[in-house]
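**Q** Below is the sequence, then the predicted model.
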Amino acid sequence: MVNWRSSSHHRGSAKSKFRFKASPVSVTVYTLLLFALSIIIFIFHSREILEEEQNPFFLEKSESEKISDDQLWGASFSYGFHPCVVPTRAHKEAQGWDHYITVRSNGGLNQMRTGISDMVAVAHMMNATLVVPQLDKRSFWRDSSAFSDLFDEDHFITTLRGDVRIVKELPKELENVPRARKHFTSWSGLNYYEEMTRLWKDYKVIHVAKSDSRLANNNLPVDIQRLRCRALYYALRFSPPIENLGKKLVERLRSRGGRYIALHLRYEKDMLSFTGCTYGLTDVEAEELRIMRENMNHWKMKKINSTEQRQGGFCPLTPEEVGIFLQALGYPSSTLIYIAAGEIYGGSNHISELRSRFPNLIFKEMVATPEELKSFAEHASQTAALDYIISVESDVFIPSYSGNMARSVEGHRRFLGHRKTITPDRKGLVEIFDKIERGELKEGSLISSIIKQMHRNRQGAPRKREGSLPGMKGRGRLRTEESFYANPFPECICSSKTHS
């Protein structure tokens, strides 16, 4: 048997040999050493945290690592939604064999595209034959492209055969007959165009001087809305040379990095001059834009307060502001970004402010050969069409300004399954950028959190089109409604629970 009492006695004797009685002096020294070591560790870690917070690229090292790929690139909220453009049983077949509408489209590429889609619907409502529209050759870009240079003309005619009769030219016998020249009222509905059919009593041809914004965004029959979608998303296909090169450029971008952001950086001379936005420009550049604006006859606003424009959110984001924005959202510096835009005003001086944060900036000249771009060189609308294709097919689309291109691409991406489109809250962002500039805020996790929360519901998720602004009355309210072409939901987009 083991003698537990004896065993315990021996252990106690062993412990007593090694027992150490600490003196008051040694305890004090030991305590002071521990305290000093704690202070050193605290200072070291505080310095590390401070350096990270002050580092403009702090976000990439910490916050971006916490964000999943799906959060950055995914659009899972589109589940169950799909295009629905099939006519209802009430839809009428094409008519109007004896009445013709000729159109002079106005504006840039996307303004003309949506305007032409409107005119398809107008021709249907007025029981008229539509003559293939003439494109704008007098706008800022002075593009000489004909309809067939930009669009697949035969495809346009045949695709809409059951909706509207379309011919390439006015019949010879009608070329010299008197025409009713009309500026149809903007944002008009079905009743207005039914009233306009009285013109057929005196004329066989109506000439429309402008095509943009001829139809209301809302309160139109569902078949008219779906016809607009069929015209824009199916019939107005780009010409084969543009379509083929656009697809090649998308493939080449994918081969570089798999995923890419298409950034519509509207920091271009015409837009900055038109909006009167001079923040971040030199005095010489600002003066050049002022002179340009005053020399443009059709630009109504001549004297503009640049500061008020920016604070109101009416200016395109600068390249530097876009860089801050993208980093705050969590995109790493290695992200491939395609610049879907014309020449950036100020050239490398301004684009470098974005490139310092995101070096992988790609322009079309970097993915297409000079030979491939040669035939497009003097045609702004055709090069814009390449940007359009690349933007629609991108993993993420971000516009720095809400112009015609931004709205058209957003609407098309919604139509195709609500692909991720992040629309910057420019007014809210300017407040943040100004605080950063004044030293009241520093780039880092706090800014990132604020900007992410600000844009949580601005990423292209399904929602019904917004109506006019509160308090607006009369026809002026129609101008403030969300564009049908920016969000064709619900007429042209159905959920799995509804019929297409």
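**A** Arrived safely. Residues are numbered from 1 along each chain as shown.

**Q** OK, contacts around the spatially closest residue to Thr423 that is not a sequence neighbour?
**A** Leaving aside its chain neighbours, Thr423 sits nearest to Arg458 (4.8 Å; criterion: C-beta to C-beta, 6 or more residues apart in numbering). Glycine gets a C-beta too; all of them are placed from N, C-alpha and C. Arg458 is in contact with Ile422, Thr423, Pro424, Asp425, counting by C-beta atoms under 8 Å, 6 or more residues apart in numbering.

**Q** how close does Arg458 get to Ser402?
**A** Distance of Arg458 to Ser402, computed by C-beta to C-beta, to the nearest Å: 11 Å.

**Q** shared neighbours, the two?
**A** What both Arg458 and Ser402 touch, as defined by C-beta under 8 Å, 6+ apart, is the set Thr423.

**Q** How many residues are close by Arg357?
**A** The local packing of Arg357 (other C-beta atoms under 10 Å) involves 21 other residues.

**Q** Against Glu443, how distant is it?
**A** For Arg357, the distance to Glu443 - C-beta to C-beta - is 10 Å.

**Q** one step back: now the residue nearest to Thr423: phi and psi?
**A** phi -130, psi 40 (degrees, to the nearest 10).

**Q** need the strands for this protein, in chain order.
**A** Taking DSSP state E, the strands of the chain run over residues 81-83, 100-103, 129-131, 166-167, 180-182, 205-208, 261-264, 337-339, 361-362, 396-399, 493-495.

**Q** all helices for the stretch 201-350 of the chain, in order.
**A** 222-230, 240-257, 269-275, 283-294, 306-311, 319-329, 348-355 (DSSP state H, counting those that start in this stretch).

**Q** if I pick the closest residue to Leu478 other than its chain neighbours, what's in contact with it?
**A** Excluding the flanking residues, the one nearest Leu478 by C-beta to C-beta, 6+ apart is Trp187, at 3.8 Å. Residues in contact with Trp187 (C-beta under 8 Å, 6+ apart) are Ser213, Leu215, Ala216, Asn217, Arg475, Leu478, Arg479, Glu481.

**Q** Drop anything exposed from these.
**A** Ser213, Leu215, Ala216, Asn217, Leu478, Glu481 (16 or more other C-beta atoms under 10 Å).

**Q** So, low pLDDT: which residues of the stretch 101-250 of the chain?
**A** Nowhere does the stretch 101-250 of the chain drop to pLDDT under 70.

**Q** whoops, the chain was the one
**A** In the chain, residues with pLDDT under 70: 1-66, 76, 497-500.

**Q** And it, what are its domain boundaries?
**A** 69-79+239-464+476-495, 100-235 (automatic domain parsing).

**Q** okay, now the spatially closest residue to Lys269 that is not a sequence neighbour: neighbour count?
**A** In space, and not counting its chain neighbours, Lys269 is closest to Tyr345: 4.7 Å by C-beta to C-beta, 6+ apart. Residues within reach of Tyr345, counting by other C-beta under 10 Å, total 21.

**Q** before we move on, what about the one 4 residues further on?
**A** One way to gauge burial is a neighbour count; for Asn349, by other C-beta under 10 Å, it gives 13.

**Q** Please tell me how far it sits from His82.
**A** Going from Asn349 to His82 by C-beta to C-beta gives 45 Å.

**Q** before we move on, what about Glu294?
**A** 49 Å.

**Q** what do you get for His350?
**A** 41 Å.

**Q** which of those two has more neighbours?
**A** Each of His350 and His82 has its neighbours counted (other C-beta under 10 Å); His350 has more, 19 against 14.

**Q** looking at it, that one is touching Leu317, isn't it?
**A** No: taking contacts as C-beta atoms under 8 Å, His350 lies outside contact range of Leu317: 11.6 Å.

**Q** Between those two, which contacts overlap?
**A** Tyr267.

**Q** Show the contacting residues for Trp141.
**A** Gly108, Ala380, Ser381.

**Q** got JSON lines for these, with distance to Met126 too?
**A** Below are those laid out as JSON lines (distance: C-beta to C-beta, whole Å):
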{"residue": "Gly108", "distance to Met126": "26"}
{"residue": "Ala380", "distance to Met126": "32"}
{"residue": "Ser381", "distance to Met126": "27"}
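
**Q** from the residues you listed, which is closest to Ser468?
**A** Nearest to Ser468, judged by C-beta to C-beta, of these is Gly108 at 25.5 Å.

**Q** who's in contact with the closest one?
**A** So Gly108 contacts Asp136, Ser139, Phe140, Trp141, Ala380, Ser381, Ala384, Asn404, Met405 (C-beta under 8 Å, 6+ apart).

**Q** And for the last one, the neighbour number?
**A** Close neighbours of Met405, defined as other C-beta under 10 Å, add up to 22.

**Q** shouldn't it be in contact with Leu109?
**A** Yes: with contact defined as C-beta under 8 Å, Met405 counts as touching Leu109 (7.5 Å).

**Q** Pull up the overlap in contacts between these two.
**A** The contact lists of Met405 and Leu109 share Ala384, Tyr388, where a contact means C-beta under 8 Å, 6+ apart.

**Q** related to what we said a few turns ago, and the residue nearest to Thr423, how far from Val396?
**A** 12 Å.

**Q** can you check Met271 too?
**A** 22 Å.

**Q** what do Arg458 and Val396 both touch?
**A** Common contact partners of Arg458 and Val396 (C-beta under 8 Å, 6+ apart): Ile422.

**Q** For the residue nearest the centre of the chain, give the beta-bridge partners.
**A** For the chain, Pro399 is the residue whose C-alpha lies nearest the centre (C-alpha atoms, centre = their mean; 3.4 Å). Taking DSSP bridges, one obtains His264 as the residues bridged to Pro399.

**Q** ok, it touching Gly411?
**A** No: using C-beta under 8 Å, Pro399 makes no contact with Gly411, being 12.0 Å away.

**Q** need the contact list for Arg161.
**A** Ala94.

**Q** Tell me, how many residues neighbour Leu446?
**A** By other C-beta under 10 Å, 12 other residues sit near Leu446.

**Q** ugh, wrong one, Asp202
**A** 8.

**Q** now do Asp98
**A** Neighbour number of Asp98 under other C-beta under 10 Å is 11.

**Q** Now it. Nearest residue, chain neighbours left out?
**A** Residue nearest to Asp98 in three dimensions, not counting chain neighbours: Lys204, with 6.7 Å by C-beta to C-beta, 6+ apart.

**Q** Distance check, that neighbour against Leu130.
**A** According to C-beta to C-beta, Lys204 stands 14 Å off from Leu130.

**Q** try Leu150
**A** Taken as C-beta to C-beta, the span from Leu150 to Leu130 is 17 Å.

**Q** next one: Glu378
**A** On the measure of C-beta to C-beta, Glu378 and Leu130 end up 28 Å apart.

**Q** Of the two, which one has the most company?
**A** Leu130 (27 against 13).

**Q** The more buried one pairs with what?
**A** Ile101, Ile166.

**Q** list the contacts for it?
**A** Residues in contact with Leu130 (C-beta under 8 Å, 6+ apart) are Tyr100, Ile101, Val103, Met119, Val120, Ala123, Val164, Arg165, Ile166, Val167.
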